[in-house]
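Q: any chance you could fold what I've pasted below:
(one chain, ligands or ions: 1)
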Amino acid sequence: MKKRKRGTMEMGGKQSRLWIVNVISFFLFSLLSVTGLINWLLLPRGYGSGAGFLVSLRHFLISMHEWTALLFMIVIGIHIWLHWAYVKKSLDRHREER
Ligand code: HEM
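A: As a prediction, the model looks like this:
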């Protein structure tokens, strides 16, 4: 199949989309690491209205961890989608070599 030459405008658009997606995924990964580690190692476990501020904070951070994880999975999905041509090319090459 003949390779289609891409214009610089199109590549520029794709490159900047990838850059934005990568920066967002790094930010979400950092937030996931911080919320996950604080919940695991620092905050007390428990539940109930009298359990105190730190337990409430832990519940808040658990929700934050879960919503951030959902966003992270969506952004990683977009990342893979933006690299889809490369993924297909690598799979085709792998099939031809077998
Ligand atoms: C797509 C990625 C992720 C998903 C779907 C995910 C999901 C979850 C869920 C459902 C829990 C249990 C409930 C909660 O505490 O919220 C949990 C706990 C935890 N996560 Fe994640 N997580 C992800 C990424 C990460 C990352 C990147 C880190 C750190 C490097 C991390 C560290 C932790 C830790 C330490 C706990 C235990 C918290 C505790 O003991 O209370 N997670 N995660």
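Q: pull the number of nearby residues for residue 56.
A: Number of residues near residue 56 (other CB atoms under 10 Å) recorded here: 14. C-beta here means a position set from N, CA and C on the backbone, and glycine is covered the same way.
Q: next secondary structure element downstream of the helix or strand hosting it?
A: For residue 56, the element it lies in under DSSP states H and E is helix 53-82. Following helix 53-82 in sequence order, the next helix or strand is helix 84-97 (DSSP H and E).
Q: skipping adjacent residues, who's closest to the closest residue to the ligand within the chain in space?
A: Residue nearest to the ligand within the chain (CB to the nearest ligand atom): residue 36, separated by 2.3 Å. Closest residue to residue 36 apart from its sequence neighbours, by CB to CB, 6 or more residues apart in numbering: residue 65 at 5.6 Å.
Q: any idea how far residue 45 is from the one you found?
A: Noted for residue 65: a distance of 14 Å to residue 45, by CB to CB, to the nearest Å.
Q: who has more neighbours out of these two?
A: More neighbours surround residue 65 than the other of residue 65 and residue 45, with 19 against 9 (other CB under 10 Å).
Q: could you look up the SS state of residue 45?
A: Look at residue 45: counting by DSSP: H, G, I helix; E, B strand; the rest coil, its state is coil.
Q: quick one on the thing from earlier: let's test this: mean pLDDT of the helix holding residue 56, rounded?
A: Throughout helix 53-82, pLDDT has a mean value of 97.
Q: gap between stretch 50-61 and the chain center?
A: Mean-position distance between stretch 50-61 and its chain equals 26 Å (CA atoms, centre = their mean, to the nearest Å).
Q: hmm, who's touching it?
A: Residues from elsewhere that reach stretch 50-61 (CB atoms under 8 Å, 6 or more residues apart in numbering): 35, 38-39, 43-48.
Q: quick one: mean pLDDT for the lengthiest helix in the chain?
A: Longest helix in the chain by number of residues (criterion: DSSP state H): helix 8-41. Mean per-residue pLDDT for helix 8-41: 90.
Q: that one to helix 84-97, inter-axis angle?
A: Computed with axes from the mean of the first three to the mean of the last three CA atoms, to 10 degrees, the direction of helix 8-41 lies at 90 degrees from that of helix 84-97.
Q: that'll do, ta.
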